[in-house]
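K.L.:
The sequence and its predicted three-dimensional model are supplied below.
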Protein chains: 2
Amino acid sequence: MVSTRSGSERLRIIPLGGIGEIGKNMMVIEFGDEMLIIDVGLAFPEEEMLGIDVVIPDMTYVLERQERVKAVLLTHGHEDHVGGLPYLLRHICVPVYGTRLTLGLVEDKLREFGTTLHPDSRAIAPGEILRTGSFTVTFFRVNHSIADCVGLRIETPAGVIVHTGDFKFDQTPVDGQVADFHRLAEFGDKGVLVILSDSTNAEKRGFTQSERVVGNALDDIFRRAKRRILVASFASNVPRIQQVITAAYEHGRKVAVVGRSMENVVEVALRLGYLKDPGVIVDLQSISRLPDDRVVLLTTGSQGEPMSALTRMAMAEHKRVEIQPGDTVVIAATAVPGNEKLVHRTIDHLFRLGAEVIYDAVSPVHVSGHASREELKLMLNLVRPKYFVPIHGEYRHLVHHAELAEMMGIPRENILIAENGTVLEFHKGRGRIAGKVQAGNVLVDGLGVGDVGKVVLKDRRQLSQDGILIVVVAINGKTGRVLSGPDIVSRGFVYVRESESLLQEAKERVAEVMNTCEREGVTDWGRIKAHIRDALQSYLYKRTRRQPMILPIILDVNGGEEE
Amino acid sequence: MVSTRSGSERLRIIPLGGIGEIGKNMMVIEFGDEMLIIDVGLAFPEEEMLGIDVVIPDMTYVLERQERVKAVLLTHGHEDHVGGLPYLLRHICVPVYGTRLTLGLVEDKLREFGTTLHPDSRAIAPGEILRTGSFTVTFFRVNHSIADCVGLRIETPAGVIVHTGDFKFDQTPVDGQVADFHRLAEFGDKGVLVILSDSTNAEKRGFTQSERVVGNALDDIFRRAKRRILVASFASNVPRIQQVITAAYEHGRKVAVVGRSMENVVEVALRLGYLKDPGVIVDLQSISRLPDDRVVLLTTGSQGEPMSALTRMAMAEHKRVEIQPGDTVVIAATAVPGNEKLVHRTIDHLFRLGAEVIYDAVSPVHVSGHASREELKLMLNLVRPKYFVPIHGEYRHLVHHAELAEMMGIPRENILIAENGTVLEFHKGRGRIAGKVQAGNVLVDGLGVGDVGKVVLKDRRQLSQDGILIVVVAINGKTGRVLSGPDIVSRGFVYVRESESLLQEAKERVAEVMNTCEREGVTDWGRIKAHIRDALQSYLYKRTRRQPMILPIILDVNGGEEE
């Protein structure tokens, strides 16, 4: 089974995303000429990626070796682990394995892209073993903020890898499914070459609280609420949704679901049996006929996303739900970094409408899905790996996780801090950093994947700051005589009616430049444009201290426009 | 002294900024035809205010009544309390009163604007009484994250106002100056009509920790550090800077200051005696000759601001300081909401350069400058106001502070939640909301104050998302014949070399539109442009799912351009 090409017995672990960042997780495991891919996630654009919809990993390394790929393994159904999959499956056709809920969510997503899974794809239950090529993969259950989440033990001829996925140890999980402590201990007993472990909360002391804490808080809130209750949460957090349903049931309320992504997840989770409905879920129309104290609305918008249901309600712009004084709104989530202001704005608007708003700053209505330091230690003590690689975290998280591993007795030289693209090579039981392959961000903007590069982003940045000023002149290309213009059009720079004199004077500056050029016999259009740009730039900066993009267009009425 | 015009005995309190928001604090106190202004701050732009430098309060209400203004009173020297002052003083010439450090910082700032304070302006010490018009103002000391911070008791013929400014109660302040508990108790005994109290931390339980906690953390860090120590903090936090200097002194290190705003504040604070230097401050050149374990660099950049000293160092772009493996970098601040990502990025880069980075998530190197709930309660118990108005906070903070006041026994009808522009009127000991005056944001962009309105921002937003596509056609205005073009230039939309065919096809669409218009006898330029816009919009969206701004320009070679 193992290829006999030289050097092929080396095991290579290559993260293509999720290292030094939160999001777009993707990992390549290579042995000989066989390749496994763990997760293919997406990330949301950084602030400076103007106009970008999502970011996916640069998959060049995989695409150039696509015949080697045996399978894609998914740890769970969050976007940062599966959101990039449609873009990969466009190019390569391989089976995808994951738990039942994960595949259910993925199939739903692929449908939007007009595609489906490879027919050999199938659901793998935690504890089940999958053999593919030289790899033997055991899925083991971990806890996280989504149901049916697993880590992976991958046995290769060069040694055993444990990939934790995203995890926490919840001793009292809502669905009763505790993490596979026993199996992890067994892995440790048999020997693990290297662990790849989730670093997201490596700064946090102690243990992450159980999801059940949120259930207790909800119970309290439901007991006190006199009128309608609205709960916003991450759509994918099925255990939390279950707790909302349970609280509703126990307090004699019905639940209606509002918002597309929440509706989708609830539908999938109910169908696959991950969500139990004791008969409380009704549609929005029926619930509106019930008295307020029997109503729960389960909604999207916990991140203050401008188009989401809760945000529209907060702005009094939702078509079907109007916030009323006395409503209780629970935001059972935490703001993802970068979303704080949006979430705060939503909360403020809801308060203004007279709602009582309950959120993580004032009540334990959210717990993290990631292991804190004591859980990270427990993982290491169970698995007892020879090598340690911190994954899933920004650089400081990786550093803190590495320090923790060293404190736990893993020798410093056996701790490998990677970046995206780093090649970790294991040979005869020894690991090292063995180079770097192409990796990075691919920006998705509309239908364009990777076509928005530095120049376009730089232009968008400049346009966003001070707008654009377009100067048009028509000349006779043969004689150089100005036939029309200069004319100036601006957008995003100044409000034209208030700045007529400014633009008028700018025109005069351009006319001067044109005259000078004609007088001095400058006929090269590039040079004329540069002169126009220089003259306007300094004039406008002096007058306004702004630096709009200046775009001179010279039109040759006898020929074409040359830019 | 009191005007005899009808209704003039009413006391009016009108917040023009800082209510329902953090920042640009400004408050008007009116009695009869006399007016006091408390603080004139600025705010930093929200994310959607593209290209805007700062935001100041809409001061129309004051400017239309400028002859009434007796004085501006400043509670402390933070930008959100004094940063808008230069814009006010451009229009009205009145004395400004504040403590010595506050005025020192303000004078420094006014110098940049090429202006100075009114000659009657002077420093007022805490405890001192200022009489102006019908108002008798007592400055009382409070603790905050800047030295020399005060609240104000304002006696008017209609009753006494207590304005807390920004405050906390630090029982062990670094400068030994505890808040004026005794004076507050005395105010309470004499009777207070209304308190205006800082709500920033109204969500936070317990007491805010003493600034001294940071000193202890610094002491620990300085003891362990083997090589250079860099400390970044808010430049204005003089007590914290003092603690850095003290720690350096005690551990035998020298301190050099890096970064313009830090240099300015240190200079002012040393000159006015708010900062004591036991002989450790040296210049950057001298410190570079010392061994690493004797060096402290005190720097700006605690917010990850792109142009700041620490950020440049983290990016390995600072001209004079290079981060070395083994350096200890302390970020003795917390990320202001919205800056989290920038701060995290700086921390990650510093770790990558091999520094040990210590920040608020992992060590108590920052404490808040605002009162938590127990301190807010203490303030109310000391001052015992009849009316309560929560100020300085986003709407949810005001709501939580109001709930707390109600819990403390202030009747619900005596709790007035205002917004910017709300008129709070007090007459014969009774208060009510009595209307609204013009208030809001004035955007400052370069030299322009208030000239960037909705249209310009909307254009910048669209430009930032998908760029712009400019279509130029030259026609003979008389005959309607196309003389040149259509030509297309785009910026921030697609990378032209990769999208030649797209733009070529777009040109053909425009040519078709022009032909159709000519054939159908459409000569109205507005209509032709609208047709071009429609045709391109739907074509480009179909091909790219992007919506650039489309700007058709028709040039009349016999006349002018008409847009």
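P.N.:
That came through, no problem.

K.L.:
Pretty sure residue A:262 sits in a helix.
P.N.:
Yes: according to DSSP: H, G, I helix; E, B strand; the rest coil, the state of residue A:262 is that of a helix.

K.L.:
how many neighbours does it have?
P.N.:
24 (other C-beta atoms under 10 Å in any protein chain shown). Any C-beta I mention is one placed from the backbone N, CA and C, and that applies to glycine too.

K.L.:
How about the longest strand along chain A and chain B, touching?
P.N.:
Longest strand of chain A, by residue count under DSSP state E: strand A:482-491. Yes: Strand A:482-491 lies within reach of chain B by C-beta under 8 Å from any C-beta of the partner chain, at A:483, A:484, A:485, A:487, A:489, A:491.

K.L.:
got the CA positions of that strand in CSV?
P.N.:
The C-alpha coordinates for strand A:482-491 follow below in CSV (Å, rounded to 0.1, in the frame of the first residue of the first chain):
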residue,chain,number,x,y,z
VAL,A,482,-8.4,70.5,-26.5
LEU,A,483,-11.9,70.1,-28.0
SER,A,484,-13.9,69.8,-24.8
GLY,A,485,-13.3,70.0,-21.1
PRO,A,486,-11.6,69.8,-18.8
ASP,A,487,-14.6,68.5,-16.9
ILE,A,488,-14.6,67.2,-13.4
VAL,A,489,-16.9,64.6,-11.8
SER,A,490,-16.4,63.5,-8.2
ARG,A,491,-17.9,60.8,-6.0
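
K.L.:
quick revisit: among the residues of strand A:482-491 next to chain B, the buried ones, what's the PyMOL command?
P.N.:
The buried residues among the residues of strand A:482-491 next to chain B can be selected in PyMOL (16 or more other C-beta atoms under 10 Å in any protein chain shown) with this line:
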select buried, chain A and resi 483+484+485+487+489+491
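
K.L.:
Looking at the residues of strand A:482-491 next to chain B, which one is closest to chain B?
P.N.:
residue A:487 (3.4 Å; C-beta to the nearest C-beta).

K.L.:
how close does the closest one get to residue A:468?
P.N.:
Distance, residue A:487 to residue A:468, using C-beta to C-beta, to the nearest Å: 14 Å.

K.L.:
lowest confidence element among the helices and strands of chain A?
P.N.:
Lowest mean confidence among the helices and strands of chain A (mean pLDDT, DSSP states H and E): strand A:482-491, at a mean of 86.

K.L.:
Please work out the angle formed by the directions of it and strand B:482-491.
P.N.:
If you take axes from the mean of the first three to the mean of the last three C-alpha atoms, to 10 degrees, strand A:482-491 sits at 30 degrees to strand B:482-491.

K.L.:
Quick check: phi and psi on residue A:364?
P.N.:
phi -80, psi 60 (degrees, to the nearest 10).

K.L.:
Show me where the stretch 401-550 of chain A dips below the pLDDT cut-off.
P.N.:
Scanning the stretch 401-550 of chain A for pLDDT under 70 picks out nothing.

K.L.:
In this structure residue A:257 contacts residue A:298, no?
P.N.:
Yes: Residue A:257 is within contact range of residue A:298, at 5.0 Å (criterion: C-beta atoms under 8 Å).

K.L.:
overlap in contacts of the two?
P.N.:
Taking C-beta atoms under 8 Å, 6 or more residues apart in numbering or on different chains as the criterion, residue A:257 and residue A:298 both touch residue A:266.

K.L.:
With neighbour numbers in mind, choose between the two.
P.N.:
Each of residue A:257 and residue A:298 has its neighbours counted (other C-beta under 10 Å); residue A:298 has more, 27 against 24.

K.L.:
ok, the nearest residue to residue A:305 once chain neighbours are set aside - contacts?
P.N.:
Among residues not flanking residue A:305 along the chain, residue A:311 sits closest, at 6.1 Å (C-beta to C-beta, 6 or more residues apart in numbering or on different chains). By C-beta under 8 Å, 6+ apart, residue A:311 lies in contact with A:301, A:304, A:305, A:342, A:346.

K.L.:
host element of the fourth one?
P.N.:
Take DSSP states H and E as the rule and residue A:342 turns out to sit in helix A:340-352.

K.L.:
Which elements pack onto that helix?
P.N.:
Helix A:340-352 makes packing contacts with helix A:309-314, strand A:328-331, strand A:356-358, helix B:395-407 when contacts are defined by 3 or more C-beta pairs under 8 Å, 6 or more residues apart in numbering or on different chains; DSSP states H and E.

K.L.:
Could you figure out how far the last one is turned away from helix A:340-352?
P.N.:
It refers to helix B:395-407. Using the same axes, to 10 degrees: helix B:395-407 against helix A:340-352 is 50 degrees.

K.L.:
contacting residues around helix B:395-407?
P.N.:
By C-beta under 8 Å, 6+ apart, helix B:395-407 touches A:344, A:347-349, A:351-352, A:357, A:362, B:19-20, B:197, B:199-203, B:373, B:376-377, B:380, B:388, B:390-391, B:393, B:412, B:415, B:417.
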